[in-house]
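Asks: Provided below for reference: sequence and predicted model.
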Amino acid sequence: MLRRTKIVATLGPASSSQEVLENMIRAGVDLVRMNFSHGSAADHVKRAEVVRAAAAAVGRTVGILADLQGPKIRVGKFENDKIVLNRGDIFVLDAELEGLGNQQCVGLDYKELPNDVSAGSVLLLNDGMLEFDVVNVEGTHVICKVVRGGVLSNNKGINRKGGGLTAPALTEKDMEDIKTAALIKADYLAISFPRSGDDMRFARKLMHEAGGESLLMAKIERAEAIPALADIIDASDAIMVARGDLSVEVGDAAVPGLQKRMIKMARAKNRLVVTATQMMESMITNPIPTRAEVSDVANAVLDGTDAVMLSAETAVGDYPVETIAAMARICLKAEGEAEVHALDRRSTQQKYARIDQSIAMAALFAASHFNVRAIVAMTQSGSTALWMSRVNASVPIFALTPNPQTLTKVTLFSGVHPVLFPSSDSQQTHQELIDAEMHLVAKGYVKDGDLVVVTVGESIGKSGHTNTMKIVRIGDHHKNSI
């Protein structure tokens with residue numbers, strides 16, 4: 001069975017060798033996430049080369065997601081690497097402190113914190129494990145009382161409950177890293193902590209100036225992003241439901257409902273969506289997932305996510321390959337339980353401004369009314385395949401393209417499988433269709449006698465020219481439609 005839901009795996013020390021990467025790709029990885037919080041530009045270039053070599057060795061297409069670090073809203077370092085704080089302790093976050101912290105105070109990477117909080121503000125540190133009440137702000141000193149204590153170690157993150165930190169989404173480092181993402185031809189660029197659509201539009205401008213063509217993914221992880229969600233989605237090509245920081249800012253109980261809402265909004269706007277954070281967290285050290293993790297992944301699939309993402313599980317975990325195999329198994333099973341919508345009433349009554357979008361919807365409608373084996377989208381840009389992927393179709397969609405960049409971009413599209421298909425720029429649509437049939441038969445995706453729905457442009461090789469849909473029986477070269 002071909003899996004519809006895509007798997008994104010984060011690279012790190014546990015997944016740095018080509019051998020491990022090859023095994024991860026065999027187990028089901030569709031995209032790799034390169035975390036730009038770690039490593040130099042040279043490291044990223046080298047890692048991208050290893051990823052592509054591994055994919056070529058396995059014979060699969062794998063996309064690359066470059067994930068920007070974003071603002072460092074963190075404490076500094078301690079003399080002994082960590083301290084233990086107890087309820088009722090007074091502790092100072094000092095934006096001026098240049099040295100190492102101790103039991104009484106610590107410095108800040110984020111120097112604007114004293115301007116962003118006041119008495120009564122609640123700060124959450126280390127993913128919400130520690131909670132501080134701000135007692136007072138004196139100059140550069142944020143004086144706090146510990147409400148929930150625990151271990152506080154070097155460089156742990158800070159969130160303000162309810163949001164309100166003013167750090168810009170793109171730092172100087174991020175702006176340089178965008179150039180690196182363009183250099184390695186990353187398929188997707190993830191922007192951390194955007195607060196508005198303007199943050200995404202600015203990132204797109206920088207990407208274009210760097211000569212890159214990456215699609216932009218907004219990581220929804222700030223409380224301020226929720227009321228601006230529609231604008232952020234409009235300005236992006238994809239979103240990530242980044243449940244870690246988001247949970248800390250808005251409260252853990254709010255996240256499941258927000259996840260469903262974000263997935264629904266993104267799909268309605270023809271955008272892609274990735275669900276992330278702690279999906280298989282226990283598999284960092286265990287060879288099998290917890291039952292709760294299985295349910296979490298399955299529910300994201302049932303919600304309609306395009307992809308599920310692994311972070312520390314594959315970056316530093318003991319079982320990166322086993323984790324991917326488990327996730328693939330869960331996704332497949334959940335897809336078998338998912339309600340399949342061919343096309344709902346709203347979709348069939350909607351008016352489309354573009355011919356290629358109308359053709360995509362017609363293909364889905366036809367596939368739902370015939371015993372069709374597959375939908376074949378012969379595409380340059382991938383747009384037709386994207387629109388098809390917004391509906392939870394019952395048949396696989398094969399994106400046949402001669403464009404290598406389109407090939408790797410569609411690795412994130414739910415239900416879409418990339419197939420490299422060398423296409424001439426001729427007008428001989430009939431011969432192109434025969435060649436495409438033979439290509440799919442040779443790969444074992446279809447067989448003689450199968451019905452397939454094909455979308456193609458009469459001007460083959462030109463982007464945005466999909467204007468034809470055919471229902472074809474494989475092997476019947478004399479009758480192209482029935």
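Replies: Great, that's in hand.
Asks: what residue is smack in the middle of the protein?
Replies: residue 274 (4.0 Å; C-alpha atoms, centre = their mean).
Asks: which SS state does residue 438 fall under?
Replies: helix (DSSP: H, G, I helix; E, B strand; the rest coil).
Asks: and it, how close does it get to residue 471?
Replies: Per C-beta to C-beta, to the nearest Å, residue 438 is found 18 Å from residue 471. Just so you know, the C-beta spots here come from the backbone N, C-alpha and C atoms, and that holds for glycine as well.
Asks: and the strands in the stretch 351-482 of the chain?
Replies: Per DSSP state E, counting those that start in this stretch, the stretch 351-482 of the chain carries strands over the ranges 372-378, 397-401, 416-420, 451-457, 466-473.
Asks: repeat for the stretch 51-200 of the chain
Replies: Under DSSP E, counting those that start in this stretch, the stretch 51-200 of the chain gives strands at 63-67, 82-85, 90-94, 105-107, 122-125, 130-138, 141-148, 150-153, 158-160, 188-191.
Asks: closest one to residue 407 among the ones you listed?
Replies: Between residue 407 and those, the tightest spacing by C-beta to C-beta is seen for strand 63-67, at 8.8 Å.
Asks: so which elements touch that closest one?
Replies: Packing partners of strand 63-67 (3 or more C-beta pairs under 8 Å, 6 or more residues apart in numbering; DSSP states H and E): strand 31-35, helix 41-58, helix 172-183, strand 188-191, helix 404-409.
Asks: re the thing from before, so can I have a markdown table of the strands of the stretch 51-200 of the chain showing distance to residue 50 and mean neighbour count?
Replies: Output for these, formatted as a markdown table (distance: least, C-beta to C-beta, whole Å; neighbours: other C-beta atoms under 10 Å):
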| stretch | distance to residue 50 | mean neighbour count |
| --- | --- | --- |
| strand 63-67 | 11 | 27 |
| strand 82-85 | 34 | 15 |
| strand 90-94 | 40 | 20 |
| strand 105-107 | 36 | 21 |
| strand 122-125 | 35 | 20 |
| strand 130-138 | 38 | 17 |
| strand 141-148 | 42 | 19 |
| strand 150-153 | 31 | 16 |
| strand 158-160 | 34 | 23 |
| strand 188-191 | 18 | 27 |
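Asks: any chance of TSV for those strands, columns distance to residue 299?
Replies: Formatted as TSV, those follow (distance: least, C-beta to C-beta, whole Å):
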stretch	distance to residue 299
strand 63-67	23
strand 82-85	35
strand 90-94	37
strand 105-107	38
strand 122-125	25
strand 130-138	28
strand 141-148	28
strand 150-153	29
strand 158-160	25
strand 188-191	23
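Asks: relative to residue 227, which of those strands is closest?
Replies: strand 158-160 (16.1 Å).
Asks: same drill for residue 438 and residue 471, tell me which one is more crowded.
Replies: Neighbours per residue (other C-beta atoms under 10 Å) separate residue 438 from residue 471, with residue 471 holding more: 17 against 13.
Asks: model confidence at that one, what's the number?
Replies: With respect to pLDDT, residue 471 scores 88.
Asks: and residue 339, by the same measure?
Replies: 63.
Asks: can I get the helix or strand hosting residue 301 in CSV, CA atoms only?
Replies: Applying DSSP states H and E as the criterion places residue 301 in helix 291-303. Output of helix 291-303 as CSV, limited to C-alpha atoms (Å, rounded to 0.1, in the frame of the first residue of the first chain):
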residue,chain,number,x,y,z
ARG,A,291,-0.2,3.8,23.2
ALA,A,292,-0.8,7.5,23.7
GLU,A,293,1.8,8.3,21.0
VAL,A,294,0.2,5.9,18.6
SER,A,295,-3.1,7.6,19.2
ASP,A,296,-1.6,11.0,18.7
VAL,A,297,-0.1,10.2,15.3
ALA,A,298,-3.2,8.5,14.2
ASN,A,299,-5.4,11.4,15.2
ALA,A,300,-3.2,13.9,13.3
VAL,A,301,-3.7,11.7,10.2
LEU,A,302,-7.5,11.6,10.8
ASP,A,303,-7.4,15.4,11.2
